[in-house]
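*Asks:* coordinates only, sequence not included:
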């Protein structure tokens, strides 16, 4: 549960049976190339088309006249974006990359991975005062705390933004507008649940930025698994189809209901507790489903309130619950992040154990 | 032909038909994890087993008591190796990475990609005089010139070696021993021809190095496409099976014959030419096939001899042949690299055009 492995999705795809099965003959996808006429020449047209259709269907992002870049997960695209935005950097100093705490715990180790001279971690965006170009990471809804976010550094003429929209899907949060930022990241891991495919995509306005991101992926991994792209194309299309076929359960209905049921259980337990609190989200109306609901994130951002518990992670571990301490997210150890998207059995065990703590 | 896209292999896999087809249901490979008990927890056991069986069958590498790390192509594993070998680096200077010219043209841009503070390009290994730890890249048979190679920097107590064995397979070169170095890289792109899968593996002796390489792949892409791994497992196994089933053409026989026929054509044309020369390789006996033959590399390393042609790449382009200039490989522009593994039609066109130059 520490990792956010989205195995909750397994059951839905089991129910779908052969509708989402792919068959790949041995002679297919030999070549490095998918489409020599595309700037992103390793992007399978079938996958690109499915991405555009899904965004059109859900209404969560603008894709018209944008470049789509495929990556080995959105982690790789995040690094491609850092590379693209941090050069040409005429300054001899690496460019600062900032994000408001609590921020996704992998940003910092990824940024510092090989001690790049192009970019460096610049800390909590809330306290950052830029005097030269910088990059701000905006994750919305945010990992770990689930809140909707905007950029917080008020220096639009110096700032370049990377919007991480891994969780901007209608099972988690009300879709309120088609996102239309310069550089937006998405991933199949948290939209369809296929984390094992290591597949993400970026939607990019500027051609030069898209070109440099492509260059990064070429040197880092010479493109992206065709098998993952072909399978994801099928999976994305079968999501759209599931909403048009009355004989099968619609994907975003099934997953919304599952998240709603899990959050109800979790809130019921936490509300009875004298120790824990959860963030409160304001209900909003979702343009996709028409429902009005409060965010039901993939992670619970739990706080141990009161003076007694300084290290919420250790406290929970002593009660058999694995979590990730708030310290990894630039926050205090009074907070922990716990996954709400594991298999049923694991989730039930977590809530069961939580309810015994009191 | 510039890129070395191994589309030559398409025809073999078409002939194999359904024997190498994979079927992947939508509910499979949801998780990030493949095997939580393995140091490399994102390595599919089925793929790892197929890798071991293929090496045992071909006899080209020791795998017993070694760590296998899977990567999104051997490019990613090359970066993982640089990361693992360059730290902890108590020196404030990045560690030097060297390779003897002519060297694979992507090494330098990959090393310089994000201006790492851990490692930097140290130039041609033949002229490198180390006074502190360094990394030497040994590609054997070498890309671009096809020669068998050993480390050339004579400082074994300071040097750490990365052996790139992308082409150490019996369709290209005589297998003369089971390679048994500290860190060896392999890839499906040049062994089976499946470049689009972006899949490679490293065989690593030291547990700490294997652990750090795994850490790199986790932060870079959170593991490696399960679809690519599952498909490659099937492809590798079907190669072994093809040598045991008299009703199908054996993979390394088919591909050896194809390479032999192409090299014969190519040498015939070059021998008649007054302009071009090719490297000469000494015949050796292959422990896998029992054949005695001279290396027939995936690339032709062509030299424009004489004084007239200084820029062999431009000269060939004017005759409709696309090549990559020797300057990319740390050599003079009198050399070019040309792929010998494209589709039949492209190879025939190349040889046809070459024969008209004279």
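*Replies:* Everything's here; your move. Note that the coordinates shown come from a computational prediction; the quantities given were computed from them, not determined experimentally.
*Asks:* I'd like the distance between residue A:341 and residue A:307.
*Replies:* According to C-beta to C-beta, to the nearest Å, residue A:341 and residue A:307 sit 32 Å apart. Quick note: C-beta positions are derived from backbone N, CA and C, even for glycine.
*Asks:* between those two, which is the more surrounded one?
*Replies:* Remark: of residue A:341 and residue A:307, residue A:341 carries more neighbours, 26 against 7, as counted by other C-beta atoms under 10 Å in any protein chain shown.
*Asks:* residue A:10 is in contact with the more buried one, correct?
*Replies:* No. At 10.5 Å, residue A:341 and residue A:10 do not qualify as touching, with contact defined as C-beta atoms under 8 Å.
*Asks:* which neighbours do the two have in common?
*Replies:* Taking C-beta atoms under 8 Å, 6 or more residues apart in numbering or on different chains as the criterion, residue A:341 and residue A:10 both touch residue A:193.
*Asks:* sec struct for residue A:90, please.
*Replies:* Assigned with DSSP: H, G, I helix; E, B strand; the rest coil, residue A:90 falls in the coil class.
*Asks:* per-residue pLDDT, it?
*Replies:* With respect to pLDDT, residue A:90 has a value of 71.
*Asks:* can you tell me how far it sits from residue A:133?
*Replies:* Counting by C-beta to C-beta, the gap from residue A:90 to residue A:133 is 10 Å.
*Asks:* check residue A:96 too.
*Replies:* 9 Å.
*Asks:* quick one, which of the two is more surrounded?
*Replies:* Shown here are residue A:96 and residue A:133; by other C-beta under 10 Å, residue A:96 has more neighbours (21 against 17).
*Asks:* so the more buried one, which of the three states?
*Replies:* Residue A:96 - assigned by three-state DSSP - is strand.
*Asks:* ok, now which ones touch it?
*Replies:* Applying C-beta under 8 Å, 6+ apart to residue A:96 gives the contacts A:119, A:120, A:121, A:122, A:128, A:130, A:134, A:135.
*Asks:* please repeat the previous calculation with a cut-off of 7 Å.
*Replies:* When contacts are counted by C-beta atoms under 7 Å, 6 or more residues apart in numbering or on different chains, residue A:96 is found next to A:120, A:122, A:134.
*Asks:* look up how far chain B lies from it.
*Replies:* According to C-beta to the nearest C-beta, to the nearest Å, residue A:96 and chain B sit 15 Å apart.
*Asks:* please name the bridge partners of that residue.
*Replies:* Applying DSSP bridges to residue A:96 gives these bridge partners: residue A:120, residue A:134.
*Asks:* what are the buried residues along the one helix or strand residue A:262 maps to?
*Replies:* Using DSSP states H and E, residue A:262 falls within helix A:251-272. Using 16 or more other C-beta atoms under 10 Å in any protein chain shown as the test for burial, helix A:251-272 gives A:251-252, A:254-256, A:258-259, A:262-263, A:265-266, A:269-270.
*Asks:* again, but for stretch A:24-36
*Replies:* Residues of stretch A:24-36 classed as buried by neighbour count (16+ other C-beta under 10 Å): A:24, A:26, A:27, A:28, A:29, A:30, A:31, A:32, A:33, A:34.
*Asks:* got it, and stretch A:241-249?
*Replies:* Neighbour-count burial for stretch A:241-249 [16+ other C-beta under 10 Å]: A:242, A:243, A:248.
*Asks:* tell me which of the residues you listed fall in helices.
*Replies:* Counting by DSSP state H, the members of the buried residues of stretch A:241-249 that fall within helices are residue A:242.
*Asks:* kindly reformat the buried residues of stretch A:241-249 as a markdown table containing distance to residue B:79 and pLDDT.
*Replies:* A markdown table is the format used below for the buried residues of stretch A:241-249 (distance: C-beta to C-beta, whole Å; pLDDT from 0 to 100):
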| residue | distance to residue B:79 | pLDDT |
| --- | --- | --- |
| A:242 | 39 | 97 |
| A:243 | 41 | 98 |
| A:248 | 43 | 93 |
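*Asks:* from the buried residues of stretch A:241-249, which single one is nearest chain B?
*Replies:* residue A:242 (11.0 Å; C-beta to the nearest C-beta).
*Asks:* wait, that closest one touches residue A:250, no?
*Replies:* Yes. Contact criterion C-beta atoms under 7 Å: residue A:242 and residue A:250 qualify, at 5.0 Å.
*Asks:* can you give me the strands in the stretch 201-350 of chain A?
*Replies:* Along the stretch 201-350 of chain A, the stretches classed as strands by DSSP state E, counting those that start in this stretch are A:276-277, A:284-285, A:292-293, A:299-304, A:324-325, A:335-339.
*Asks:* among the ones you listed, which comes closest to chain B?
*Replies:* Using C-beta to the nearest C-beta, these put strand A:335-339 closest to chain B, at 11.5 Å.
*Asks:* note down every partner strand of that closest one and its orientation.
*Replies:* strand A:299-304 (antiparallel), strand A:324-325 (antiparallel).
*Asks:* low-confidence regions, the stretch 51-200 of chain A specifically.
*Replies:* Residue ranges of the stretch 51-200 of chain A with pLDDT under 70: A:89.
*Asks:* same thing but at 80, please
*Replies:* By pLDDT under 80, the low-scoring segments of the stretch 51-200 of chain A are A:88-91, A:155-156.
*Asks:* still on that earlier bit, now the strands of the stretch 201-350 of chain A in TSV, with mean neighbour count and mean pLDDT?
*Replies:* Below are these laid out as TSV (neighbours: other C-beta atoms under 10 Å in any protein chain shown; pLDDT from 0 to 100):
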stretch	mean neighbour count	mean pLDDT
strand A:276-277	20	96
strand A:284-285	14	98
strand A:292-293	14	98
strand A:299-304	24	96
strand A:324-325	20	97
strand A:335-339	26	97
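*Asks:* let me have these in CSV, adding distance to residue B:104 as columns.
*Replies:* Formatted as CSV, those follow (distance: least, C-beta to C-beta, whole Å):
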stretch, distance to residue B:104
strand A:276-277, 55
strand A:284-285, 53
strand A:292-293, 54
strand A:299-304, 42
strand A:324-325, 40
strand A:335-339, 41
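*Asks:* quick one, which of these is nearest to residue B:212?
*Replies:* strand A:324-325 (21.8 Å; C-beta to C-beta).
*Asks:* how about residues contacting the closest one?
*Replies:* For strand A:324-325, the external contacting residues (C-beta under 7 Å, 6+ apart) are A:2, A:105, A:313, A:333, A:336, A:337.
*Asks:* tell me the centre residue of chain A?
*Replies:* residue A:166 (2.2 Å; C-alpha atoms, centre = their mean).
*Asks:* would you map the helices across chain A?
*Replies:* A:10-16, A:45-58, A:73-85, A:107-111, A:188-191, A:207-221, A:226-242, A:251-272, A:312-317, A:344-357.
*Asks:* how about these in a markdown table, adding distance to chain B?
*Replies:* Output for the helices of chain A, formatted as a markdown table (distance: least, C-beta to the nearest C-beta, whole Å):
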| stretch | distance to chain B |
| --- | --- |
| helix A:10-16 | 4 |
| helix A:45-58 | 12 |
| helix A:73-85 | 5 |
| helix A:107-111 | 5 |
| helix A:188-191 | 8 |
| helix A:207-221 | 4 |
| helix A:226-242 | 4 |
| helix A:251-272 | 11 |
| helix A:312-317 | 18 |
| helix A:344-357 | 12 |
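*Asks:* figure out which of these is closest to residue A:300.
*Replies:* helix A:251-272 (6.0 Å).
*Asks:* let me see the mean pLDDT of that closest one.
*Replies:* Here the average pLDDT along helix A:251-272 is 97.
*Asks:* strand A:299-304 and that one, what's the angle between them?
*Replies:* 10 degrees (axes from the mean of the first three to the mean of the last three C-alpha atoms, to 10 degrees).
*Asks:* and helix A:251-272, how far from the chain's centre?
*Replies:* 19 Å (C-alpha atoms, centre = their mean, to the nearest Å).
*Asks:* does anything pack onto that helix? Which helices or strands?
*Replies:* Helix A:251-272 sits against helix A:10-16, helix A:344-357, with contacts defined as 3 or more C-beta pairs under 7 Å, 6 or more residues apart in numbering or on different chains; DSSP states H and E.
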